[in-house]
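A.B. asks: make a model of this:
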Amino acid sequence: MAEKDLYAALGVARTASADEIKKAYRKLARKHHPDVNPGNKQSEERFKDISFAYDVLSDPEKRKVYDEFGVEGLSSGFDPERARQYREWRARSGGQSSGFGKYSSFEDLFGDLGDLVGGRGDRAASRGADLEYALDLDLLDSVRGTARTIELRRPVACPQCGGSGGEGATVCPLCDGRGQVRVGAGPIPFGRTCSRCSGSGRAYARPCSRCGTSGRIDEVDRLSVKIPAGVDEGSKIRLAGKGAPGRHGGPAGDLYIHVHLRPHPLLERRGLDLRLDLPVTVGEAVLGAAVTVPTPGGDVSLRIPPGSQSGRQLRLRGRGVRDAKSKASGDLYVRLLVQVPRDGGDRARRAVEELEQCYAESPRKDFKL
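C.D. replies: Numbers count the residues shown, from 1 in each chain. Below is the predicted model of the structure:
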């Protein structure tokens, strides 16, 4: 089937401006739209032609390629530079089967033209794009692991058209439903994926009323995300297949959750280790004691040695963060902070005076810069 002149389809000159092309399309679309001409096959076919023409000529990049190579240049995977090389070879050889130039055989030429005409670069299935989402998480939840329900806006296949981008499917008029069109009638004839239907063999009477021609819509989706124990600031969680949908039946992309930790008022994380400041009384520090310490895994008992100074650091082995991959666990370091009574009255004053007598020397004896 001969390819039609897209400028002629819209009734504009090849030098027409973008506004002239848009104005011509709107005028013709109103006249030939299937809703205005129900049951009129001729108007339906005309509407298909002008819609396709406008899709190409309204896009500066597509229009530039079409002006140089015609409809063939709109095929996915089309390489303009290789097309120019092939055109030069045809000119040098006079269209005969000799004079391959840089090609030494038919096999070399076919191999080089594969990506050009759609043999290997056709508009077949393509994977959807990956998406990203930032998740704020409390430090304790990151240590223990948790589950979150997130809401995000992401593209999905249009339910109205099933992702095709069109309505009123018919046999593609360019390839007669084969999905391939014949290119070249000289010594090396070959086929390429049809640029009109992208190899599906189908054409559509009108753009999808819901998505236009994109085949996708954005919708707010709610997803349940399992947060493994031990995730750290900047960790990425991959949800396979939860990204943008693929095109032409291709697989969906992935969704990557980027974790950002909110600070905890008591706990601090350093790698797999945790640090905690623990208030203790003067008596517990001087005499020693067994005290209860809260940890991410529950309360544990900690033995404070007698004569512990404020700022002394004690370790609880294995009470830190557990790494999900290596299964190794960090430690929890507890720093003692001795708390004096705020207002103990005369009783506290007498006790302190007695306590002062216990110092053999000033604690600042060697405290110099």
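
A.B. asks: doesn't V280 lie inside a helix?
C.D. replies: No. Per DSSP: H, G, I helix; E, B strand; the rest coil, V280 lies outside any helix segment and is strand.

A.B. asks: measure how buried it is and give me the count.
C.D. replies: 20 (other C-beta atoms under 10 Å). Every C-beta, even on glycine, is put in place using the N, C-alpha and C of the backbone.

A.B. asks: that one reaches V334, doesn't it?
C.D. replies: No. Taking contacts as C-beta atoms under 8 Å, V280 lies outside contact range of V334: 9.8 Å.

A.B. asks: need the helix or strand of this protein with the lowest average pLDDT.
C.D. replies: The least trusted helix or strand in the chain, going by mean pLDDT, DSSP states H and E, turns out to be helix 106-117, with a mean of 38.

A.B. asks: which strands or helices does the helix or strand immediately after it in the chain pack on?
C.D. replies: Sequence order places strand 131-138 as the next helix or strand after helix 106-117, per DSSP states H and E. Under the contact definition 3 or more C-beta pairs under 8 Å, 6 or more residues apart in numbering; DSSP states H and E, strand 131-138 sits against strand 146-157, strand 255-262.

A.B. asks: in strand 131-138, what counts as buried?
C.D. replies: Using 16 or more other C-beta atoms under 10 Å as the test for burial, strand 131-138 gives 131, 133, 135, 137.

A.B. asks: can you show me the CA trace of that strand as PDB?
C.D. replies: Taking Å, rounded to 0.1, in the frame of the first residue of the first chain, the C-alpha atoms of strand 131-138 are listed here in PDB:
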ATOM      1  CA  LEU A 131      10.000   5.100  40.000                       C
ATOM      2  CA  GLU A 132      11.200   6.500  43.300                       C
ATOM      3  CA  TYR A 133       9.600   7.300  46.600                       C
ATOM      4  CA  ALA A 134      11.000   9.000  49.800                       C
ATOM      5  CA  LEU A 135       9.900   7.400  53.100                       C
ATOM      6  CA  ASP A 136      10.400   9.000  56.500                       C
ATOM      7  CA  LEU A 137      10.900   6.400  59.200                       C
ATOM      8  CA  ASP A 138      11.400   6.500  63.000                       C
END
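
A.B. asks: state the mean pLDDT of it.
C.D. replies: Regarding strand 131-138, the rounded mean pLDDT is 91.
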